[in-house]
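[1] A structural model of the following input is requested.
(chains A and B)
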Amino acid sequence: MTALMSELKRLGSLKAPAGFAERVLLEVGIADSYAPFETVLGSVYVAWNRFGVSAAARSASAADFEEWFKRDVGRPLVAATAPADLAAKIEDELSGKRRLRFDLRGLTEFEQAVLRKTYQIPRGEVRPYGWVAREIRRPAAVRAVGTALANNPIPYFIPCHRVVRTDGEIGNYGGGGPEAKKAILTMEGVRVNRLQELARAGVRYQGVKTTKIFCYPTCHTGRHALEKNIVWLHDVASARAAGFRPCKVCRPAAVA
Amino acid sequence: MEGVERLFERMVREHQNRVFAVGFALTGNRHDAEEVAQDTFLRAYRALVTYPPERIRDLKQSPWLHRIAVNVVRNRARGHKPRLSELNGSESDDAPGPESRALQRAEMDDLACRLAGLPPRYREAVVLRHVHELSYEEVAEALDQPVGTVKSNVHRGLKLLRGENHDRVDE
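    Numbers count the residues shown, from 1 in each chain, chains lettered A, B, ... in the order given. Sure, this is the predicted structure:
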């Protein structure tokens, strides 16, 4: 009688198999999976869940990535084999095709707005921090934009490297410092040195005499203008005074 | 939203062993036990996200989870009968030495098999009362039965288990 009871009781001390909790959490989308991927940027650790890609980092090791993820995102993380199509999607995404979904759930409304806006900056172009702030209707929150981008959990994919300082300094970069930022922009076709020279000379915009439109210097709409038609402009007021209107694509100023 | 996720994560970590153990006792094998435990938590999560905060706050997690587990097993039973121990392959990490562990495993598998052979109403009552060690009131709540019914089902279930035990000794 008591033997049976204690046998039954011992049955209750059984432990769930290793990794059980993580599998349940993965299933409902609370935990994330991750794997390393070989990309144009070298080896990148990418985390994902059923809502999309949730984090990326060029960590030195899986342990480093796990530690960073735990600190930054806070959800449980499980090493996994990637779904068959994820590697191809990652490659496409990094070469400018938009094929990934992102999970930004852990971030504030403001941070999400900053990242979504940043995601719209085309490959090969850059925008100032102030542009992001203005576009999300928080024109005074330039520094906060910088902070939000510094905490971007999905660098490379959400291209925070395409947001630079107006004074020509390339600005800091969470994805590996200013040098890494320059390297990635160069790889994407941005002429970083020319951009810095222009900025140091006080040039912010490129106007085209024939169209009377002014753009950010990297905007693709102004790329084919003939050298003789280009006017370098220092600020919005003088651009408007000279009869230029802001480009509707890169929106260097509110379109009047 | 974030609150429910944190709560659920804690709930899984806190209750996973007991829900798995109950699944094992109800189905008789580790493979089904893991499926049952996983289904139980998935259903729990889907329910939790629809609950208002006060309902979540007042929730008695343990009887609630066990009620779900019992229902999961009942629903599965409609599809197929509990299989016996042939599938006990998944790894579980308890006990120290490999030998004593193997022995313990065999004994546990054997007992779980015998439990799985009981009629469901006795099995559920015995498992929740003696494997999971819920009080009679909690078992009654989890099974949605009167306390008296639970007591008598536990009693009869134990009797049947002991009866089978004797048969085995006699062989």
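
[2] ok, and the closest non-adjacent residue to residue A:11?
    Beyond its immediate neighbours in the sequence, the residue positioned closest to residue A:11 (C-beta to C-beta, 6 or more residues apart in numbering or on different chains) is residue B:131, lying 4.8 Å away. C-beta coordinates here come from the backbone N, C-alpha and C atoms, glycine included.

[3] residues contacting that neighbour?
    A:8, A:9, A:11, A:12, B:21, B:22, B:25, B:115 (C-beta atoms under 8 Å, 6 or more residues apart in numbering or on different chains).

[4] filter those residues to the buried ones?
    Using 16 or more other C-beta atoms under 10 Å in any protein chain shown as the burial test, the contacts of residue B:131 include A:8, A:11, A:12, B:21, B:22, B:25, B:115 as buried.

[5] out of these, which sit inside helices?
    Mapping those onto helices (DSSP state H) picks out A:8, A:11, B:21, B:22, B:25, B:115.

[6] nearest to residue A:57, of the residues you listed?
    The nearest member of those to residue A:57, counting by C-beta to C-beta, is residue B:21 at 38.5 Å.

[7] per-residue confidence at residue 113?
    In the absence of a named chain, chain A is used. Looking at residue A:113, its pLDDT stands at 97.

[8] let's do chain B instead
    pLDDT, read off for residue B:113, is 82.

[9] how about the residue nearest the centre of chain A, what does it touch?
    With distances taken as C-alpha atoms, centre = their mean, the residue of chain A nearest its centroid is residue A:158 (2.1 Å). Counting by C-beta under 8 Å, 6+ apart, residue A:158 makes contact with A:102, A:115, A:118, A:119, A:152.

[10] try it again with 6 Å
    A:115, A:118, A:119, A:152 (C-beta atoms under 6 Å, 6 or more residues apart in numbering or on different chains).

[11] most widely separated two among the residues you listed?
    Most distant of these, by C-beta to C-beta, are A:119 and A:152, 10.2 Å apart.

[12] give me the more crowded residue out of those two.
    For the pair residue A:119 and residue A:152, the greater number of neighbours falls to residue A:152 (26 against 16), based on other C-beta atoms under 10 Å in any protein chain shown.

[13] ok, now how distant is the closest residue to the more buried one other than its chain neighbours from residue A:56?
    If the residues on either side of it in the chain are set aside, residue A:152 comes closest to residue A:160, at 4.4 Å by C-beta to C-beta, 6+ apart. Relative to residue A:56, residue A:160 is positioned 11 Å away (criterion: C-beta to C-beta, to the nearest Å).

[14] repeat that for residue A:202.
    36 Å.

[15] quick one: which of these two has more around it?
    Neighbour count, other C-beta under 10 Å: between residue A:202 and residue A:56, residue A:56 has more, with 27 against 12.

[16] burial count for residue A:43?
    Quick note: residue A:43 (other C-beta under 10 Å) scores 11 neighbours.

[17] and it, what helix or strand is that in?
    For residue A:43, the host element (DSSP states H and E) is strand A:42-49.

[18] pLDDT on that strand, on average?
    For strand A:42-49, mean pLDDT is 94.

[19] buried sites along it?
    A:44, A:45, A:46, A:47, A:48, A:49.

[20] partner strands of that strand and their direction?
    As defined by DSSP bridges, the strand partners of strand A:42-49 come to strand A:32-39 (antiparallel), strand A:52-57 (antiparallel).

[21] figure out how far it is from the centre of its chain.
    Strand A:42-49 sits 13 Å away from the centroid of its parent chain (C-alpha atoms, centre = their mean, to the nearest Å).

[22] just stretch A:235-251 next, same as before
    28 Å.

[23] ends of that stretch, how far apart?
    14 Å (C-alpha to C-alpha, to the nearest Å).

[24] what stretches of the stretch 101-250 of chain A score poorly on pLDDT?
    A:168 (pLDDT under 70).

[25] that one: helices as residue ranges?
    Using DSSP state H, counting those that start in this stretch, the helices found in the stretch 101-250 of chain A span residues A:109-119, A:129-135, A:142-150, A:177-187, A:192-200, A:236-241.

[26] next one: chain B
    B:2-27, B:30-48, B:53-57, B:61-79, B:98-116, B:120-126, B:136-143, B:147-170.

[27] want to throw those into JSON lines with distance to residue A:197?
    Shown next, in JSON lines, are the helices of chain B (distance: least, C-beta to C-beta, whole Å):
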{"stretch": "helix B:2-27", "distance to residue A:197": "46"}
{"stretch": "helix B:30-48", "distance to residue A:197": "56"}
{"stretch": "helix B:53-57", "distance to residue A:197": "58"}
{"stretch": "helix B:61-79", "distance to residue A:197": "64"}
{"stretch": "helix B:98-116", "distance to residue A:197": "70"}
{"stretch": "helix B:120-126", "distance to residue A:197": "78"}
{"stretch": "helix B:136-143", "distance to residue A:197": "74"}
{"stretch": "helix B:147-170", "distance to residue A:197": "83"}
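
[28] relative to residue A:3, which of these is closest?
    helix B:147-170 (8.9 Å).

[29] residue A:179: how many residues sit nearby?
    10.

[30] now do the one 3 residues further on
    The local packing of residue A:182 (other C-beta under 10 Å) involves 18 other residues.

[31] what sits closest to it if chain neighbours are left out?
    Per C-beta to C-beta, 6+ apart, closest to residue A:182 is residue A:192, 5.1 Å.

[32] cool, residue A:86 as well?
    Nearest to residue A:86 is residue A:48, by C-beta to C-beta, 6+ apart, at 7.0 Å.

[33] so the one you found bridges to which residues?
    residue A:33, residue A:53.

[34] please give me every residue in contact with residue A:166.
    residue A:128.

[35] and it, how far from residue A:195?
    Counting by C-beta to C-beta - residue A:166 and residue A:195 are separated by 11 Å.

[36] got the buried residues for stretch A:56-74?
    Residues of stretch A:56-74 classed as buried under the neighbour-count rule (16+ other C-beta under 10 Å) are A:56, A:57, A:58, A:59, A:65, A:66, A:68, A:69, A:73.
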